[in-house]
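1. What follows is a predicted protein model with its sequence.
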Amino acid sequence: MQRLLLLYLILCGSAIAAEKPNFLLIIADDLCWRDLGYEGNSEVKTPNLDKLRTESMHLRGMFNPATTCSPTRHALYTGLYPIRSGAYPNHTRVYDGTKSLFTHLKDAGYRVALQNKEHVGPKPSFPYEHIEGADDLTVTKQFVARDAAQPWFMVYASNDPHGPWTRGPRYDPTTLTIPPYLHDNKITRELLAAYYGEISKLDEQVGALLKLLDDTQQAENTVVMFVSEQGSSFPYGGKWSVYDNGIHASAILRWPGKVKPGSGSQALMQYVDVPPTFLAAAGIDPTKIDVGCPDANGAVGFDGRSFLPVLLGETDTLRDYVFAQHTTIGTNGAIEAYPMRMVRDTRYKLVRNLAPENTYTIGGIHKGQPIESWQADAKSDYKLADRVKWLFKRPGEELYDLQADPEEMKNLAADPEFAGTKAKLQAQLDAWVAQQKDKGMETENLANTRQGKSDEQPSKGAKKKARGKKKNE
């Protein structure tokens, strides 16, 4: 009788767990969305991600709300834009009392973990088990297989392809096609080949994680989402800018039996929409959640909204506009404040540079290679010279027609033909910054107060890569 009762309890527990899916969120590190096989780059070998895409919905309208690692991850985990949460410079933290997806799912009975790169704080806002290391999945397997009756949520935060690029298979620099936003010379080619190698290393990790789900017989009840974080650290590769190379994210999501394999959506969405979506998928109403950090209107709900109806094929729309910001203060090598704010719809983008009189200078793109080789080549190439100059100095306003100019090369901000478009976007941007308690330069000048210690020191990942290769964050 006792054995029958035990078996009944186990089966009931398994049935309850099956009603709530597991969640595996895989995050790349400094990866430009264009640099994946399934996104159209045939020279980068990403067979595991390419296969996962065929089993998933391709979320082509996914955008980051920030352009450095720490603000991006805080937004992805909290469902809040960075300035509202307080996590807007790099190496940052949210305001004390702010809650994250780890908090909400743990409260709902999930066990929660994060493997490898952390880069968030303070710890009470992110109550996960931390799993060290990127390539050894032994402990990962122990976590996901620990209790069949309990659903789980895990973030696998890779270090790849963050520079310096030292891992993965070797690519031949001489055979590569150089993207149009990069300057083609020997140094660029060598660095691009090394960067592609680390993308392939990331792809190996993805393959190992998917195999782990198969081996533990959990693939059918696990939502797997992959996101590319922000852009690469090449000049114009996206990181540290609000151009689409930086804020447009590659994102795919697999949910067997729920999401149509090989499907896609153009719906505009942002990283802040991920937490309410995961909660909705777990049967939790995200509109009833108190995030612990009110906005300017006193609202305590998410900035994000659930895109579960998009995943289920019920609609192909979510947002009319997406937003982003960049704070240079606190970034390694930053000399002067050069903050950016951005609003974008499906066609047009407006960028506001809040201190255009300053010179934009940080370590990652303005010092070392490849920029020094570009500067040398620019002495005999006036077009390249103009492009290099743009990296250091931009006007107060930028407006782009992304349909006609996807590389964002022609600034239309001063063109009277687009005055109405600019005014419409500016109104949306004004409303967003007000809701976020964003006071422009006053907020930027407080960025250093949003770094370092709170009640607890931010996690070690906020200071140092797990394998000790973080530079120019």
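-> Looks like it arrived, so ask away.

2. What is the subsequent helix or strand relative to the helix or strand hosting Tyr196?
-> Element membership of Tyr196, judged by DSSP states H and E, is helix 186-215. Using DSSP H and E, the helix or strand that follows helix 186-215 in sequence is strand 222-227.

3. what angle do that following strand and helix 186-215 make?
-> Relative orientation of strand 222-227 and helix 186-215, computed by axes from the mean of the first three to the mean of the last three Cα atoms, to 10 degrees: 170 degrees.

4. what comes into contact with strand 222-227?
-> 21-28, 49, 52, 56, 62, 76, 206, 209-210, 213, 249-255, 271, 274, 278, 281 (Cβ atoms under 8 Å, 6 or more residues apart in numbering). All C-beta atoms are positioned from the backbone trio N, CA, C, and that covers glycine.

5. what about 6 Å?
-> 21-27, 213, 249, 251-255 (Cβ atoms under 6 Å, 6 or more residues apart in numbering).

6. distance of Leu429 from Lys383?
-> Noted for Leu429: a distance of 31 Å to Lys383, by Cβ to Cβ, to the nearest Å.

7. Among the contacts of strand 222-227, which are located in strands?
-> 22-27, 251-254 (DSSP state E).

8. which one of the residues you listed sits closest to Asp107?
-> Phe23 (14.7 Å; Cβ to Cβ).

9. The closest one bridge partners, please.
-> Phe153, Val223 (DSSP bridges).

10. How about the contacts made by it?
-> Going by Cβ under 6 Å, 6+ apart, Phe23 touches 153, 223, 278.

11. give me the number of residues near the last one?
-> Phe278 has 24 neighbouring residues, counting by other Cβ atoms under 10 Å.

12. Can you list the low-confidence ranges for the stretch 351-473 of the chain?
-> Within the stretch 351-473 of the chain, the ranges that satisfy pLDDT under 70 run 453-473.

13. so where do the helices sit in it?
-> With DSSP state H, counting those that start in this stretch as the criterion, the stretch 351-473 of the chain has helices at 363-366, 371-378, 382-392, 419-435, 441-444.

14. For Phe302, find the nearest of those.
-> helix 419-435 (12.5 Å).

15. Export only the CA atoms of stretch 243-258, formatted as CSV.
-> Extracted in CSV, the C-alpha atoms of stretch 243-258 (Å, rounded to 0.1, in the frame of the first residue of the first chain):
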residue,chain,number,x,y,z
TYR,A,243,22.2,51.4,-34.5
ASP,A,244,20.4,48.2,-35.5
ASN,A,245,23.7,46.2,-35.3
GLY,A,246,23.5,46.8,-31.6
ILE,A,247,19.9,46.8,-30.7
HIS,A,248,18.4,44.3,-33.1
ALA,A,249,18.7,40.9,-31.5
SER,A,250,18.5,37.5,-33.0
ALA,A,251,15.9,35.5,-31.1
ILE,A,252,14.4,32.0,-31.6
LEU,A,253,12.0,30.1,-29.3
ARG,A,254,11.1,26.4,-29.3
TRP,A,255,8.2,25.0,-27.4
PRO,A,256,7.1,21.5,-28.7
GLY,A,257,3.4,21.2,-29.2
LYS,A,258,2.8,24.9,-28.7
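
16. Next, the buried residues of that stretch.
-> Using 16 or more other Cβ atoms under 10 Å as the test for burial, stretch 243-258 gives 243-255.

17. Kindly report the same for stretch 279-297.
-> 279-282, 284, 286, 289, 291-293, 295.

18. Stretch 100-117 now?
-> Those would be 100-106, 110-117, for stretch 100-117 by 16+ other Cβ under 10 Å.

19. who are the neighbours of the helix holding Tyr196, in terms of helices and strands?
-> helix 47-54 (3 or more Cβ pairs under 6 Å, 6 or more residues apart in numbering; DSSP states H and E).

20. The helix it packs on packs against which elements?
-> helix 186-215.

21. okay, the angle between the helix it packs on and helix 371-378?
-> 140 degrees.

22. remind me which residues of this protein are low pLDDT?
-> Scanning the chain with the threshold set as pLDDT under 70 gives 1-18, 453-473.

23. can you do 90?
-> Across the chain, the ranges flagged by pLDDT under 90 are 1-19, 133, 330-333, 452-473.

24. what's the residue closest to the geometric middle of it?
-> By Cα atoms, centre = their mean, the chain has its centre lying nearest to Glu229, at 2.9 Å.

25. doesn't Cys32 make contact with it?
-> No: look at Glu229 against Cys32 with Cβ atoms under 6 Å: they stay out of range, at 9.6 Å.

26. Can you get me a residue count around Arg189?
-> Counted with other Cβ under 10 Å, Arg189 comes out at 19.

27. Does it touch Thr175 like I think?
-> No: assessed by Cβ under 6 Å, Arg189 is found out of contact with Thr175, at 9.2 Å.

28. Can you report how many residues neighbour the closest residue to Leu101 other than its chain neighbours?
-> Distances taken as Cβ to Cβ, 6 or more residues apart in numbering place Pro275 nearest to Leu101, at 4.2 Å, with adjacent residues excluded. Neighbour count for Pro275, taken as other Cβ under 10 Å: 29.

29. Secondary structure of Pro275: a strand, I assume?
-> No: under DSSP: H, G, I helix; E, B strand; the rest coil, Pro275 falls outside any strand and is assigned helix.

30. Look up how far Ala108 lies from Thr449.
-> Counting by Cβ to Cβ - Thr449 and Ala108 are separated by 33 Å.

31. ok, Ala194 touching Trp165?
-> Yes: using Cβ under 6 Å, Ala194 is in contact with Trp165, at 3.6 Å.

32. who's more crowded, the two?
-> Trp165 (23 against 19).

33. Look up phi and psi at that one.
-> Backbone torsions of Trp165, given as degrees, to the nearest 10, read phi -90, psi 100.

34. Let me see the contact set for it.
-> 194-195, 198.

35. next one: Gly97
-> So Gly97 contacts Gly292 (Cβ under 6 Å, 6+ apart).

36. my hunch is that it is in a strand, does that hold up?
-> No: assignment of Gly97 by three-state DSSP gives coil, placing it outside any strand.

37. List the residues that contact the closest residue to Tyr77 other than its chain neighbours.
-> Residue nearest to Tyr77 in three dimensions, not counting chain neighbours: Ser100, with 4.5 Å by Cβ to Cβ, 6+ apart. For Ser100, the contacting residues are 77-78, 125-126, by Cβ under 6 Å, 6+ apart.

38. Take those residues and keep only those in strands.
-> Among the contacts of Ser100, no member lies in strands (by DSSP E).
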